[in-house]
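Enquirer: here is a sequence with its predicted model. Questions after.
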Amino acid sequence: MSIFDDLIIFEMANSHQGNVEHGIKIIKAMGKIAKKYNAKCAVKLQYRDLDTFIHPQFVNKKDVPHVERFLSTRLNSKQFNILVETIRDEGMIAMSTPFDEKSVDLCLSQNLDIIKVASCSALDWPLLEKISKTQKPIIISTGGLSIKDIDKIYSFFNHRKCEFALMHCVAIYPAPENLLQLDILRKMQKRYPNVVIGYSGHEAPTNTIIPSMAIAEGAKIMERHVGLPTDTIKLNAYSMSPEQADAWVKTIISAREICTFNKDRNVTPSEINSLHSLMRGVYAQRDIKEGEVISEKDVFFAMPVQDGQITSGEFKSGQKASHEYKAFSPIKETIEKDEIQLLRESLHEAKGMLNEAGLIFGEEFTVEISHHYGIPNFRTTGCIIVNIMNREYCKKLIIVLPNQNHPIHYHLKKEETFQVLYGDLELTLNDVKTTMHIGEVATVKRGDRHGFSSKNGAIFEEISTTHYRDDSFYEDETIAKQDPMQRKSFLEGW
């Protein structure tokens, strides 16, 4: 799991008034919340080397936004070290936003866990270059940036092979609800694969609907400004008190539980039993003898479904009765799926994966189903191949269902290049196993022994020289002895 997954960030509001003791109180208040909910939390500081960050001619000008506030909350490195130690003593992750190169050096000297890039610095390429070289996990806020700007940032850190996450936020303080644009979270997840996407909120601190919606839209990181009001300190309109932060974290934990989705729908026994009580069972219309073929005219469908009885949806005309049935008695038979049903269900699943991946390829294609150990074992061993083109060059889409593998083999006539388009693929190439993710490419040369499998399902594109039906040689003698047509089924389209 990435350090970014399910991370909750408390950002110190207004640099904790530039007061170390007050900062410690805020950190301990947030630590109490983190422990209460057993949540993975971080506290974020802000670093500016004010002697270089502010132009010397503007230091004393009160009409320049932020300058007076920055100077009034100045802390030195030793004071920041105390705050970092307190964060770690509270069992939380220590991170900071550096606004200049010297502040990046301070982050490194403290060995901070994460470096944050503020929205106002997200296009500050000299600063980003410095941050990219730290080899630290990086979180970049994207307030006020267009999609084209975010594209540049994604490419910048991706090319430098950094571990980074992107945060959607609206840089208005406080941010009106009608400008939050939470649906951009889904767009960012699709546009920036293999990158964690989060949400940094500036809406009213009492609002617990927005964090729920952000989680539902896929945000993995959540961030808010937090502070501690006193007789002399009043929080701004977008910062949370400890009580509000507690309610916010509670909402996040609850929303994550509600929105949890682990590759397949989690259908509980109680849900199945609830629906089963409303289904129709299959009952004998007349007396049926043992061994007699049961057709649709011999039965009727009615509720309730009794123990061991087949439902109307499971009934197949033409099955032989395993024992005698009296009229109006429940039909209790073992329903076995035939080979056509097994393949049809697999094709439905494959089409669902293609739709989820957004892969559409017209009408001119054929479908090849490889079932190396027979159709009954296809769900474990095999794959579905969509043949799009096979001329001087060949293009295919290979669909590997969840927990399915394709046995080791090699080719003598063709060379292949694989690119993962969806899911996770474990490629075995000449006995070396590599886990491949979306966008990654591997080339299989003539004679290379290779096979592949997937834990959660994968789709990859195969571009190769012309494909020949007699050019696949398998290590397993059971497969090698078969005629290629014995281990293949073909469809024209779907």
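Expert: It's in. Residues are numbered from 1 along each chain as shown.
Enquirer: just the element for residue 127, please.
Expert: helix 125-132 (DSSP states H and E).
Enquirer: which residues are contacting that helix?
Expert: 98-101, 104, 115, 117, 121-122, 138, 153, 156-157, 160, 162 (Cβ atoms under 8 Å, 6 or more residues apart in numbering). Bear in mind the C-beta positions are built from the backbone N, C-alpha and C, glycine included.
Enquirer: which strands and helices sit next to the following helix or strand past that helix?
Expert: Later in the chain than helix 125-132, the nearest helix or strand by DSSP H and E is strand 138-141. For strand 138-141, the elements it packs on are strand 114-117, helix 147-159, strand 164-169, judged by 3 or more Cβ pairs under 8 Å, 6 or more residues apart in numbering; DSSP states H and E.
Enquirer: repeat the analysis, applying 10 Å as the threshold.
Expert: Applying 3 or more Cβ pairs under 10 Å, 6 or more residues apart in numbering; DSSP states H and E, one finds that strand 138-141 contacts strand 93-98, strand 114-117, helix 125-132, helix 147-159, strand 164-169, strand 196-200, strand 221-226.
Enquirer: which among these is found nearest to residue 79?
Expert: In terms of Cβ to Cβ, the element of those nearest to residue 79 is strand 93-98, at 13.0 Å.
Enquirer: just want the angle from the following helix or strand past the closest one to helix 125-132.
Expert: Next helix or strand after strand 93-98 toward the C-terminus (DSSP H and E): helix 101-109. Interaxial angle, helix 101-109 versus helix 125-132 (axes from the mean of the first three to the mean of the last three Cα atoms, to 10 degrees): 10 degrees.
Enquirer: report the inter-axis angle for helix 101-109 versus strand 93-98.
Expert: Using the same axes, to 10 degrees: helix 101-109 against strand 93-98 is 170 degrees.
Enquirer: what's the span of stretch 424-432 from first residue to last?
Expert: Start and end residues of stretch 424-432 are separated by 16 Å (Cα to Cα, to the nearest Å).
Enquirer: and that stretch, what's buried?
Expert: By 16 or more other Cβ atoms under 10 Å, the buried positions in stretch 424-432 come out as 424, 425, 426, 427, 428, 429.
Enquirer: report the distance from stretch 422-434 to the chain centre.
Expert: In terms of Cα atoms, centre = their mean, to the nearest Å, the centre of stretch 422-434 is found 20 Å from the chain centre.
Enquirer: circling back to that earlier point, I'd like the buried residues of stretch 424-432 as CSV, with pLDDT appended.
Expert: Below are the buried residues of stretch 424-432 laid out as CSV (pLDDT from 0 to 100):
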residue, pLDDT
424, 94
425, 97
426, 98
427, 98
428, 97
429, 97
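Enquirer: okay, and which of the residues you listed map to strands?
Expert: 425, 426, 427, 428, 429 (DSSP state E).
Enquirer: how's this structure carved up into domains?
Expert: Annotated domains of the chain cover 7-259, 273-320, 340-492 [automatic domain parsing].
Enquirer: end-to-end on the last one?
Expert: For domain 340-492, the first and last residues are 16 Å from each other (Cα to Cα).
Enquirer: do the shortest one as well
Expert: Taking Cα to Cα, domain 273-320 runs 28 Å from one end to the other.
Enquirer: state the mean pLDDT of that domain.
Expert: For domain 273-320, mean pLDDT is 93.
Enquirer: mind checking how far that domain is from the chain centre?
Expert: Averaging C-alpha positions (Cα atoms, centre = their mean) puts domain 273-320 42 Å from its chain's average.
Enquirer: lowest-scoring secondary structure element of the chain by mean pLDDT?
Expert: helix 67-72 (a mean of 82; mean pLDDT, DSSP states H and E).
Enquirer: ok, and what's touching it?
Expert: Contact with helix 67-72 is made by 14-15, 17-18, 46, 48, 50, 53-55, 58-62, 99, as judged by Cβ atoms under 10 Å, 6 or more residues apart in numbering.
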